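1. I need the structure of the sequence given here:
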Amino acid sequence: MSEEEKLSYSEAIKKAYASVYRFPLIPVRGIPIMNLIAKNWDSIWAFRPEPSDLLIATYPKAGTTWTQEIVDLLLHNGDAEACKRAPTPIRSPFLEIFSPPPIPSGLDLLKEMDPPRIIKTHLPFQLVPPGFWENKCKAIYVARNAKDNLVSYFHFDCMNMTQPDPGPWEGYILKFMRGEYPCSPGPEVAWGSWYDHVKGYWMEREKKNILYLFYEDMKENPRREVERIMRYLDLSVSDEVISRIVELTSFKNMKENPMANYSCIPAPVFDHSISPFMRKGEVGDWRNHFTPEQSKMFDEDYEKQMKEVNIPFRTLI
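-> All right, here's what the predicted structure looks like:
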């Protein structure tokens, strides 16, 4: 993408969101998602990927952008300049996103790209278009422990002017715990229940050849996890390139990279003065937010909701 095209993209966003508002959530098969996505659901569900396409799936704020950047660098042999050709949402389109015109939808962007394409989604497993599994596409799922994911999503909902107002922290904890429409008559969290999201991909990971990664593992030993991704993609890059990718995708470098830090999204949409898109990127930051009473309440509910699975989450490393 040329400098002129980057400027044009930014101007299109500003124009489209000149009178931005927080889009209401509408249930699609019980999952609350933004109304523009819900209105275009049939075209999303009908999407047919190419067998060479790669799906990167996460619950929001679980390491999506980080993984997109790692994959792009692996596919370009660690060439940092090649991976600055365009902002992340252009290089790796968000499958289900629909925005006010003239901003192109994720589907519009994908139509203009040649495979293999890196495709991002926050859809829970049951809402992923069946073409991905019918065409045996590879998929990487990244899961982050519930408490840190909740904290990060809360700050994101504060600065993201297109999603419902998160309200106070105390109430947001309860919203996150409820997740879906069937569980509550009140406000929900976009893309539904974290619990169902992480469990859905976990239970299908072997049948669908999904590489299931943990955010905490990526933080603890990024080189090991980059190598895991490399092998899963049937790639082979040198140790030197792996080291370069680890360095380029450190939180510090990602936060300073204008092609990855979402600074291309104007303030009426992402208000970075409230919270940066890339805020801390830590494991254990939940301890700075949960009171002992809130932590106890959350842990008790967590045990009930996760009792039927044994997913090895860690809240500290």
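2. what residue ranges in the chain score low on pLDDT?
-> The chain contains residues with pLDDT under 70 at 1-20, 102, 179-187, 276.
3. mind running it again at 90?
-> The chain contains residues with pLDDT under 90 at 1-24, 99-104, 159-165, 178-188, 254-282.
4. in it, which spans are strands?
-> Under the criterion DSSP state E, the chain carries strands at the ranges 25-28, 31-34, 54-58, 118-121, 138-143, 210-214.
5. including mean neighbour count and distance to Ile173, could those strands go into TSV?
-> For the C-beta atoms, the positions are set from N, CA and C on the backbone; glycine is no exception. Shown next, in TSV, are the strands of the chain (neighbours: other CB atoms under 10 Å; distance: least, CB to CB, whole Å):
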stretch	mean neighbour count	distance to Ile173
strand 25-28	18	18
strand 31-34	22	17
strand 54-58	25	21
strand 118-121	23	26
strand 138-143	24	19
strand 210-214	20	22
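6. would you list the ones you listed in a markdown table and tack on distance to Asn257?
-> Rendered in a markdown table, the data for these read as follows (distance: least, CB to CB, whole Å):
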| stretch | distance to Asn257 |
| --- | --- |
| strand 25-28 | 31 |
| strand 31-34 | 27 |
| strand 54-58 | 18 |
| strand 118-121 | 16 |
| strand 138-143 | 19 |
| strand 210-214 | 21 |
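7. against Pro24, how distant is Gln294?
-> 28 Å (CB to CB, to the nearest Å).
8. so the two - more neighbours on which side?
-> Gln294 (16 against 13; other CB atoms under 10 Å).
9. correct me, but the more buried one touches Ile173?
-> Yes: Gln294 is in contact with Ile173 according to CB atoms under 8 Å; the separation is 6.0 Å.
10. roughly how far apart are Asp41 and Ser105?
-> Slight slip there: residue 41 is Trp, not Asp. For Trp41, the distance to Ser105 equals 12 Å [CB to CB].
11. neighbour count winner among the two?
-> Taking neighbours as other CB under 10 Å, Trp41 and Ser105 compare with Ser105 leading, 21 against 16.
12. surely the more buried one meets Ile97?
-> Yes: if you go by CB under 8 Å, Ser105 and Ile97 touch, sitting 6.3 Å apart.
13. give me the common contacts of these two.
-> The overlap between the contact sets of Ser105 and Ile97 (CB atoms under 8 Å, 6 or more residues apart in numbering) is empty.
14. could you dump stretch 36-56 to PDB, C-alpha only?
-> Output of stretch 36-56 as PDB, limited to C-alpha atoms (Å, rounded to 0.1, in the frame of the first residue of the first chain):
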ATOM      1  CA  LEU A  36     -23.900  -4.300  11.000                       C
ATOM      2  CA  ILE A  37     -22.400  -7.800  11.200                       C
ATOM      3  CA  ALA A  38     -25.700  -9.400  12.100                       C
ATOM      4  CA  LYS A  39     -27.400  -7.600   9.100                       C
ATOM      5  CA  ASN A  40     -24.800  -9.100   6.700                       C
ATOM      6  CA  TRP A  41     -24.700 -12.500   8.400                       C
ATOM      7  CA  ASP A  42     -25.800 -14.500   5.300                       C
ATOM      8  CA  SER A  43     -22.900 -13.300   3.200                       C
ATOM      9  CA  ILE A  44     -20.400 -14.000   6.000                       C
ATOM     10  CA  TRP A  45     -21.700 -17.500   6.500                       C
ATOM     11  CA  ALA A  46     -21.600 -18.200   2.800                       C
ATOM     12  CA  PHE A  47     -17.900 -17.200   2.500                       C
ATOM     13  CA  ARG A  48     -15.800 -19.900   0.800                       C
ATOM     14  CA  PRO A  49     -12.100 -19.700   1.600                       C
ATOM     15  CA  GLU A  50      -9.400 -21.200  -0.600                       C
ATOM     16  CA  PRO A  51      -7.700 -24.300   0.900                       C
ATOM     17  CA  SER A  52      -4.500 -22.400   1.200                       C
ATOM     18  CA  ASP A  53      -6.100 -19.700   3.400                       C
ATOM     19  CA  LEU A  54      -5.200 -19.500   7.100                       C
ATOM     20  CA  LEU A  55      -7.700 -18.600   9.800                       C
ATOM     21  CA  ILE A  56      -6.500 -16.800  12.900                       C
END
